[in-house]
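Chemist: I'll drop the sequence and a predicted model, then ask my questions.
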Amino acid sequence: MELNRKMLAFAHEYVNLKPDEPRKLAVLRAGYSNKGADVTATRLLKNTKIQEFIAKRKLKTSEKEAFKDRGVADFSIAHLEEVIIRSLLHDKTIPQTIKEMVDHKKKFNESFAEKKSLGIGI
């Protein structure tokens with residue numbers, strides 16, 4: 001299924017939302033009805049064509065800065081794709097998602113090091 005005009009408008013509006021704006025706003029700006037706008041946003045964000053459109057767009061300055069974080073240097077292409085997917089699924093900005101993933105990785109590494117020092121695990 002190809003994206004129609006309203007779907008493209010939604011995707012464009014969604015990527016231009018400010019971090020504190022609800023995704024419902026992108027639905028309304030794209031011309032969809034106010035009734036069930038939250039459900040419409042969720043449905044549209046599950047559309048793989050919309051996800052591809054969002055993932056291929058140019059990054060905003062704040063997103064580029066987030067990718068410069070020291071913890072991101074070890075991210076693989078799969079991690080970067082995961083950042084995009086998680087930000088869409090959990091309605092978070094890319095910088096928020098990157099911070100969560102870096103923090104999670106740090107906690108995992110600390111836990112692994114602690115268990116290793118106790119002789120547990122590999």
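Modeler: Arrived safely, thanks for sending.
Chemist: in what helix or strand does the residue nearest to S33 when sequence neighbours are not counted lie?
Modeler: Excluding its sequence neighbours, the residue lying closest to S33 (C-beta to C-beta, 6 or more residues apart in numbering) is T40, at 7.6 Å. The C-beta positions use only the backbone N, C-alpha and C, and glycine is treated the same way. Using DSSP states H and E, T40 falls within helix 37-46.
Chemist: export that helix as PDB, just CAs?
Modeler: Extracted C-alpha coordinates of helix 37-46, given in PDB (Å, rounded to 0.1, in the frame of the first residue of the first chain):
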ATOM      1  CA  ALA A  37      -7.000  11.100  16.800                       C
ATOM      2  CA  ASP A  38      -4.800   9.200  19.300                       C
ATOM      3  CA  VAL A  39      -5.900   5.800  17.800                       C
ATOM      4  CA  THR A  40      -5.300   7.200  14.300                       C
ATOM      5  CA  ALA A  41      -1.800   8.200  15.300                       C
ATOM      6  CA  THR A  42      -1.100   4.800  16.700                       C
ATOM      7  CA  ARG A  43      -2.400   3.100  13.600                       C
ATOM      8  CA  LEU A  44      -0.500   5.300  11.300                       C
ATOM      9  CA  LEU A  45       2.800   4.900  13.200                       C
ATOM     10  CA  LYS A  46       2.400   1.100  12.800                       C
END
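Chemist: which strands and helices sit next to it?
Modeler: With contacts taken as 3 or more C-beta pairs under 8 Å, 6 or more residues apart in numbering; DSSP states H and E, helix 37-46 sits against helix 5-15, helix 23-29.
Chemist: mean confidence for that helix?
Modeler: The pLDDT scores in helix 37-46 average 92.
Chemist: what residues of it count as buried?
Modeler: Under the neighbour-count criterion of 16 or more other C-beta atoms under 10 Å, helix 37-46 has 37, 40-41, 44-45 buried.
Chemist: quick one: contacts of it?
Modeler: Residues outside helix 37-46 that contact it (C-beta atoms under 8 Å, 6 or more residues apart in numbering): 7, 10-11, 14, 22-24, 26-28, 32-33, 50-51, 88-89.
Chemist: widest-spaced pair of these?
Modeler: Spanning the widest gap among these are S33 and L89, at 23.3 Å by C-beta to C-beta.
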